[in-house]
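Asks: Provided below are the primary sequence and the corresponding predicted coordinates.
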Amino acid sequence: MAATQVLHPRSRRRVRLDEHLPVDHRLSQVYRAGAGLMGLVLLAFGILGLIDRIGFFDTGGDTVAGLNTNGALSVLSICVGLLLFAGMVVGGNFASTLNMTLGVLFILSGFVNLALLDTGANFLAFKMQNVLFSFVVGLLLMFFGMYGRVSGGLPHDNPYWQARHRPDEL
């Protein structure tokens, strides 16, 4: 009868999302591209909103690129776009984690603003197209952030796969 090996809970390897990736790892390019692309979209939307000189908390229905906007939403879009550009410059796990975090925040923002539609608390002047845009950007950011980190079919040279498997299991 074979004896089963009981591992102490601390002897198992834990996967941490902030593990080090080599600077030139190909996954970093995906994280950077995702952050840069979404940052560019948000930055352009924010700048176009500010150029139109819309009131800061105006909810009058001013649109930019088919989305409702006001000054507050434009400034917020510029800030998030710049943050994503910073993630693009830094790259690596920082860009990946930033993409995932902002992706979740965009999804949450979509749900919150969906609940605030047609109320007095809708100070960002969201309409349904803004909610859908928030969901799409959130999903794209989460995709770019999780790419290569969260999957069942990671290649064996992937550092996240290697962190999940002990050397004697290879």
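Replies: In hand now; what should we look at?
Asks: I'd guessed residue 123 sits against residue 72; true?
Replies: Yes. With contact defined as CB atoms under 8 Å, residue 123 counts as touching residue 72 (6.5 Å). No exception for glycine: its C-beta is placed from N, CA and C like everyone else's.
Asks: where along this protein do the strands fall?
Replies: All strands of the chain, identified by DSSP state E, fall at 63-64, 67-68.
Asks: pull the residues that contact the first one.
Replies: Just to be clear, that refers to strand 63-64. 45, 48, 49, 52, 69, 74 (CB atoms under 8 Å, 6 or more residues apart in numbering).
Asks: please apply the same query to the last one.
Replies: Strand 67-68 has contacts (CB under 8 Å, 6+ apart) with 45, 61, 62, 125, 126, 127, 129, 130, 133.
Asks: the same query, at a cut-off of 6 Å, please.
Replies: Residues from elsewhere that reach strand 67-68, judged by CB atoms under 6 Å, 6 or more residues apart in numbering: 125, 127, 129, 130, 133.
Asks: redo those as a markdown table? Include pLDDT, neighbour count and distance to residue 90.
Replies: As requested, the contacts of strand 67-68 are exported to a markdown table (pLDDT from 0 to 100; neighbours: other CB atoms under 10 Å; distance: CB to CB, whole Å):
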| residue | pLDDT | neighbour count | distance to residue 90 |
| --- | --- | --- | --- |
| 125 | 75 | 23 | 32 |
| 127 | 80 | 19 | 34 |
| 129 | 89 | 13 | 32 |
| 130 | 88 | 23 | 29 |
| 133 | 90 | 20 | 26 |
